[in-house]
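Asker: Could you work out the structure for the sequence below:
(4 chains)
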Protein chains: 4
Amino acid sequence: MPDTFNPQELASAASQAMWKRDNATHALGMELVSIAPGRAVMQMKVRSDMVNGHNICHGGLIFTLADSAFAYACNSYNLNTVASGCSIDFLAPARDGDLLEATALERSAAGRTGVYDVEVKVLGANTVALFRGKSYRIKGEVIEGFESHQ
Amino acid sequence: MPDTFNPQELASAASQAMWKRDNATHALGMELVSIAPGRAVMQMKVRSDMVNGHNICHGGLIFTLADSAFAYACNSYNLNTVASGCSIDFLAPARDGDLLEATALERSAAGRTGVYDVEVKVLGANTVALFRGKSYRIKGEVIEGFESHQ
Amino acid sequence: MPDTFNPQELASAASQAMWKRDNATHALGMELVSIAPGRAVMQMKVRSDMVNGHNICHGGLIFTLADSAFAYACNSYNLNTVASGCSIDFLAPARDGDLLEATALERSAAGRTGVYDVEVKVLGANTVALFRGKSYRIKGEVIEGFESHQ
Amino acid sequence: MPDTFNPQELASAASQAMWKRDNATHALGMELVSIAPGRAVMQMKVRSDMVNGHNICHGGLIFTLADSAFAYACNSYNLNTVASGCSIDFLAPARDGDLLEATALERSAAGRTGVYDVEVKVLGANTVALFRGKSYRIKGEVIEGFESHQ
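Answerer: Numbers count the residues shown, from 1 in each chain, chains lettered A, B, ... in the order given. Okay, here's the model as predicted:
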């Protein structure tokens, strides 16, 4: 195993390390489709146990998909980073059986804070939600002891 | 069964009707602790399948608890209402085994839109998150055919 | 004067009509740099009467610039549209004498509501703020009686 | 002049020091009605140069009033504090001649960050906007060299 990584390798390695211990993301059936420095794409299929009292996907679970994509994007530099605040606008409902895809992109990064935009779509169809997350870097690394050569 | 309800009875009846078909809230082990016109209190215990890659409760699931409390509060008038947008500020982490309680209160209601504030606490301890939701009333009633006498 | 406009002509005409009665935007010295359907660019120079107690541009006035760009973008279809809610993240301070430019782009539009993103930069330099606005279409037209041919 | 202040005296002294150099707040005709640790009330009369193209008070200036009340509230401990992000929901329009009052209250404070809620009303009448601001403490004091005895 190499002791140095380029940024893409580091993003991949960090995401694999996070993935192993990320029970919530597994329990919701999410898949990490792609990862790169400051970017991540995740998918989640709306299951019948994700539907709310209006018979549409619970908005909280659409948020959770977006928040997961955001988390993988903002931890892609292997520096432990958490969400300090997020906002979401719901544009259209998602239904049982829909395959949702969330694409997270870094909009700014300076010092310990960053801003990420996430778009959630029904795959190949309409946009369901627009999410914006603010990240805050805390102590520690996702995988300790590996250096990035940028 | 009476064919007219006072506002508190209507809130209770609407919440019971929503609850029966609210798979997502059940799957996450939430409990509706209290309901009143424009108000709701819900609890959720953080389970080991709710923990993320930083070993704390996934922020999306804290949001989902707040969003559920918001949904019961804003549907308490028996008029179908959905979230148009929400924001959340995360103040402290929640851990495996913590019992979280979300209290939703109406801050404004005019025409089809409303604003609700939700505070999420570790029960009897610190605040974990502050959530604000904007509601939008759509067509239809939660339980059709029952009138409110206000 | 033609009685029909293409979308770009309609956007220009609507913005000119708004501009004439827009006292606030004039008082703050803003300039509308460009307008197109769903898009607007505005500039504002930070004046000494725009500085706050920390000796940097008052965040409210950075917001006001972004909000103006958003207003021109979302009224560019000549349908009266107002802001229902907005959020802003401040990334860096702006100083006395800085020329700020706000670029507003439509991210979604469906029914009566839309979402617009606005980026505020020191012209030719760093990003100062990221703004997201939610629009709501009300009754009436910006200039009454002109039709759009799309 | 005393070299120690209790928290209320410190809040008053810090607000007076900010006020002297706060050109933007003066230029918009704001008045600081009251100040206390974590709280502030400000007023602003809507002038004819604050009206926008829809003939109502520019939403940016309603935001600016709320943001100023937030700024005085979060600097009331005499520790330099800035806004990192804010959101606002507009509930009703304000008109030329309306006297607006913004009341800012601390909702949480931990480490360097805080959350403040601001309600903007037409004085004695309806609520115009709900604002939430996130504060971030930077280096330095509002008035240097004075200690607080808490």
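
Asker: for chain C, what are the nearby residues on chain A?
Answerer: A:87, A:89, A:91-92, A:107-108, A:110, A:115, A:117, A:127, A:130, A:132, A:134 (Cβ under 8 Å from any Cβ of the partner chain). Every residue, glycine included, has its C-beta placed from N, CA and C.

Asker: Only whichever of those are buried, select them in PyMOL.
Answerer: Only the buried entries of those go into this PyMOL selection, using 16 or more other Cβ atoms under 10 Å in any protein chain shown:
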select buried, chain A and resi 87+89+91+92+107+108+115+117+127+130+132+134
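
Asker: Go back to the residues of chain A next to chain C and keep what's next to chain D.
Answerer: Answer for the residues of chain A next to chain C near chain D (Cβ under 8 Å from any Cβ): A:87, A:134.

Asker: Put together JSON lines for the residues of chain A next to chain C, with pLDDT on each row.
Answerer: Shown next, in JSON lines, are these (pLDDT from 0 to 100):
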{"residue": "A:Ser87", "pLDDT": "97"}
{"residue": "A:Asp89", "pLDDT": "96"}
{"residue": "A:Leu91", "pLDDT": "95"}
{"residue": "A:Ala92", "pLDDT": "95"}
{"residue": "A:Arg107", "pLDDT": "96"}
{"residue": "A:Ser108", "pLDDT": "95"}
{"residue": "A:Ala110", "pLDDT": "87"}
{"residue": "A:Val115", "pLDDT": "97"}
{"residue": "A:Asp117", "pLDDT": "98"}
{"residue": "A:Thr127", "pLDDT": "96"}
{"residue": "A:Leu130", "pLDDT": "97"}
{"residue": "A:Arg132", "pLDDT": "98"}
{"residue": "A:Lys134", "pLDDT": "96"}
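
Asker: Between the residues of chain A next to chain C, which sits nearest B:Met44?
Answerer: A:Ser87 (21.6 Å; Cβ to Cβ).

Asker: Would you mind naming the helix or strand containing that closest one?
Answerer: If you go by DSSP states H and E, A:Ser87 is part of strand A:79-90.

Asker: is chain B contacted by that strand?
Answerer: Yes: contact of strand A:79-90 with chain B (Cβ under 8 Å from any Cβ) involves A:80, A:82-90.

Asker: Same check on stretch A:107-125?
Answerer: No: shown here: stretch A:107-125 not in contact with chain B (Cβ under 8 Å from any Cβ), separated by at least 11.4 Å.

Asker: how far does that stretch stretch from start to finish?
Answerer: 24 Å (Cα to Cα, to the nearest Å).

Asker: what comes up buried for it?
Answerer: Result for stretch A:107-125 [16+ other Cβ under 10 Å]: buried residues A:107-109, A:113-122.

Asker: what does the average pLDDT come to for the longest helix belonging to chain A?
Answerer: Longest helix in chain A, counting residues (DSSP state H): helix A:59-74. Average pLDDT, helix A:59-74: 97.

Asker: is that helix up against chain D anywhere?
Answerer: No: against chain D, helix A:59-74 shows no contacts by Cβ under 8 Å from any Cβ, the least distance being 15.2 Å.

Asker: Just the angle for that helix relative to helix B:59-74, thanks.
Answerer: 160 degrees (axes from the mean of the first three to the mean of the last three Cα atoms, to 10 degrees).

Asker: could you give the angle of helix A:59-74 to strand A:79-90?
Answerer: 140 degrees.

Asker: What residues of helix A:59-74 count as buried?
Answerer: For helix A:59-74, by 16+ other Cβ under 10 Å, it's A:59-74.

Asker: picking that back up, dump the residues of chain A next to chain C to a markdown table, plus secondary structure.
Answerer: A markdown table is the format used below for these (DSSP: H, G, I helix; E, B strand; the rest coil):
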| residue | secondary structure |
| --- | --- |
| A:Ser87 | strand |
| A:Asp89 | strand |
| A:Leu91 | coil |
| A:Ala92 | coil |
| A:Arg107 | strand |
| A:Ser108 | strand |
| A:Ala110 | strand |
| A:Val115 | strand |
| A:Asp117 | strand |
| A:Thr127 | strand |
| A:Leu130 | strand |
| A:Arg132 | strand |
| A:Lys134 | strand |
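
Asker: Could you work out the most separated pair of the residues of chain A next to chain C?
Answerer: Most distant of these, by Cβ to Cβ, are A:Ala92 and A:Ala110, 33.2 Å apart.

Asker: Now do the helices in chain A.
Answerer: A:7-20, A:23-27, A:59-74.

Asker: Need the CA coordinates for the last one. CSV is fine.
Answerer: Extracted as CSV, the C-alpha positions of helix A:59-74 are listed here (Å, rounded to 0.1, in the frame of the first residue of the first chain):
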residue,chain,number,x,y,z
GLY,A,59,-38.5,14.9,2.9
GLY,A,60,-36.1,14.0,5.7
LEU,A,61,-34.8,11.1,3.7
ILE,A,62,-34.3,13.2,0.6
PHE,A,63,-32.3,15.5,2.8
THR,A,64,-30.4,12.6,4.2
LEU,A,65,-29.3,11.5,0.8
ALA,A,66,-28.2,15.0,-0.1
ASP,A,67,-26.4,15.3,3.3
SER,A,68,-24.6,12.0,2.7
ALA,A,69,-23.4,13.2,-0.7
PHE,A,70,-22.3,16.5,0.9
ALA,A,71,-20.4,14.5,3.6
TYR,A,72,-18.4,12.4,1.2
ALA,A,73,-17.6,15.5,-0.9
CYS,A,74,-16.4,17.6,2.0
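
Asker: how about it against chain B, any contact?
Answerer: Yes: Helix A:59-74 lies within reach of chain B by Cβ under 8 Å from any Cβ, at A:59-61, A:63-68, A:71.

Asker: And for the second one?
Answerer: Yes: with Cβ under 8 Å from any Cβ as the measure, helix A:23-27 is seen reaching chain B through A:23-27.

Asker: Among these, name the buried ones.
Answerer: The buried subset of these (16+ other Cβ under 10 Å) comprises A:23-25, A:27.

Asker: Just give me the closest of these to C:Leu10.
Answerer: A:Thr25 (46.2 Å).

Asker: dump the residue contacts of the closest residue to that closest one other than its chain neighbours.
Answerer: Computed as Cβ to Cβ, 6 or more residues apart in numbering or on different chains, the closest residue to A:Thr25 that is not its neighbour in sequence is A:Ser68, at 5.1 Å. With contacts defined as Cβ atoms under 8 Å, 6 or more residues apart in numbering or on different chains, A:Ser68 is in contact with A:22, A:24-25, A:30, A:42, A:102, B:52, B:58, B:60.

Asker: what do you get if the cut-off is 6 Å, keeping everything else the same?
Answerer: A:25, A:30, A:42 (Cβ atoms under 6 Å, 6 or more residues apart in numbering or on different chains).

Asker: now the residue nearest to the last one when sequence neighbours are not counted: how far from B:Ala27?
Answerer: What it means is A:Met42. Leaving aside its sequence neighbours, A:Met42 sits nearest to A:Ala69 (Cβ to Cβ, 6+ apart; 4.4 Å). Going from A:Ala69 to B:Ala27 by Cβ to Cβ, to the nearest Å gives 21 Å.

Asker: residues contacting the closest residue to A:Ala129 other than its chain neighbours?
Answerer: Excluding the flanking residues, the one nearest A:Ala129 by Cβ to Cβ, 6+ apart is A:Val120, at 4.4 Å. Contacts of A:Val120 were listed using Cβ under 6 Å, 6+ apart, and they are A:62, A:66, A:100, A:102, A:128-129.
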